[in-house]
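Undergrad: how would this look folded up:
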Amino acid sequence: MQIGPYEIFSLETGQFRLDGGAMFGVVPKTLWQKSNPADDENRILLALRTLVIRNEERTILVDAGIGRKLNEKLSRIYAVDHSQHDLLKALADKGISREDITDVIITHLHFDHVGGATFMDEQGELQLTFPNATYHVQGEQWHWANHPAEKDRASFITDNFKLISDSGRLHELSGPGTLYPGIDLLVMYGHTHGMQLPRVSDNSSTLLYCADLIPTASHIPLAYIMGYDNNPLITLQEKKRLLPQAVAGNWIMVFEHDPFRAAGTVEETEKGFRMKEEVVL
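TA: Numbering: from 1, shown residues only. Sure thing, here's the model as predicted:
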């Protein structure tokens, strides 16, 4: 897909599972299981989908997946599966090496979004996966990750992001704005403090990487809000503000965790917001 000067494509980097009830909050299982069936431990399948935005000057990665550093217990709890997809392999299939990445936009620092930013080498030493990249993180999110609330403390694993700062590769941002021409960052506070959503636009097309504001297409309806969100009522207001814009502009919404659809447009019906058409990236 081309938007302005940027070639854009998604990468599948693996799959994992989370509790379906936690993923859908107050929505009853009888409703969400129709589109997202649960396993015998009530976990639903989720994608670990990243995005590449590149032009002649920059190769930008949005989020870095879950990585391969989780211990055996956590890997089992979350059913992490790299048997078919892996971040570095997905990049290599596009002719991109880890040294080619110039920028990493981290939407937020939860382990399933930034885990792949670092890895353990053969000597057991922690290394940056993308050694030449600048890592863009909202300053509010960086502070929150280092001083988290009890509710989401388990989602922040310092081995995933401390080295970014120690290496001098961290770029702390201070609110919404333009990162590069045609690439804006929207800042959200419902899921976690200072989550940023990259939006790529030209005169005719707009693409929004939804991160955990709308993690799957099933989460488009207003009431479908994760139990993981720190401030679900703020998430509701953010969706009420964003979704009408997406409908009016026919935005392409990229769903980071949807195992069935990478992206789609949105429409508003008598019953509320829903996906209009699937878009292949």
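Undergrad: Let's see stretch 168-183 as CSV, backbone CA atoms only.
TA: Output in CSV follows, covering the C-alpha atoms of stretch 168-183 (Å, rounded to 0.1, in the frame of the first residue of the first chain):
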residue,chain,number,x,y,z
GLY,A,168,21.0,6.6,24.1
ARG,A,169,18.5,5.5,21.5
LEU,A,170,15.4,6.7,23.3
HIS,A,171,13.5,9.7,21.9
GLU,A,172,10.9,10.8,24.5
LEU,A,173,8.0,12.7,22.9
SER,A,174,5.8,15.2,24.6
GLY,A,175,2.3,14.8,23.3
PRO,A,176,0.6,14.5,20.0
GLY,A,177,2.1,15.9,16.8
THR,A,178,3.9,15.2,13.6
LEU,A,179,6.9,12.9,13.7
TYR,A,180,7.8,13.0,10.0
PRO,A,181,5.9,14.7,7.1
GLY,A,182,2.6,12.7,6.7
ILE,A,183,3.1,10.7,9.9
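Undergrad: Could you write out the alpha-carbon coordinates of stretch 20-28 in CSV?
TA: Below are the C-alpha coordinates for stretch 20-28, written out as CSV (Å, rounded to 0.1, in the frame of the first residue of the first chain):
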residue,chain,number,x,y,z
GLY,A,20,-11.3,-13.8,26.5
GLY,A,21,-13.2,-12.2,29.4
ALA,A,22,-10.4,-9.8,30.0
MET,A,23,-10.2,-9.0,26.4
PHE,A,24,-13.9,-8.0,26.1
GLY,A,25,-14.6,-6.6,29.6
VAL,A,26,-18.3,-6.3,30.3
VAL,A,27,-19.4,-7.9,27.0
PRO,A,28,-20.8,-11.4,27.7
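Undergrad: now it, how far from the centre of its chain.
TA: Put simply, stretch 20-28 sits 19 Å off its chain's centre (C-alpha atoms, centre = their mean, to the nearest Å).
Undergrad: Would you verify that residue 238 is located in a helix?
TA: Yes - counting by DSSP: H, G, I helix; E, B strand; the rest coil, residue 238 is found in a helix.
Undergrad: Hmm, residue 213 and it touching each other?
TA: Yes - using C-beta atoms under 8 Å, residue 238 is in contact with residue 213, at 6.2 Å. Backbone N, C-alpha and C define where each C-beta goes, glycine included.
Undergrad: okay, those two: which has more neighbours?
TA: The residue with more neighbours, out of residue 238 and residue 213, is residue 213; 25 against 22, by other C-beta atoms under 10 Å.
Undergrad: could you list every residue that touches residue 202?
TA: Residue 202 makes contact with 3, 4, 182, according to C-beta atoms under 8 Å, 6 or more residues apart in numbering.
Undergrad: what's the longest strand in this protein?
TA: strand 6-19 (DSSP state E).
Undergrad: in which helix or strand would I find residue 274?
TA: Here residue 274 sits within strand 272-279, counting by DSSP states H and E.
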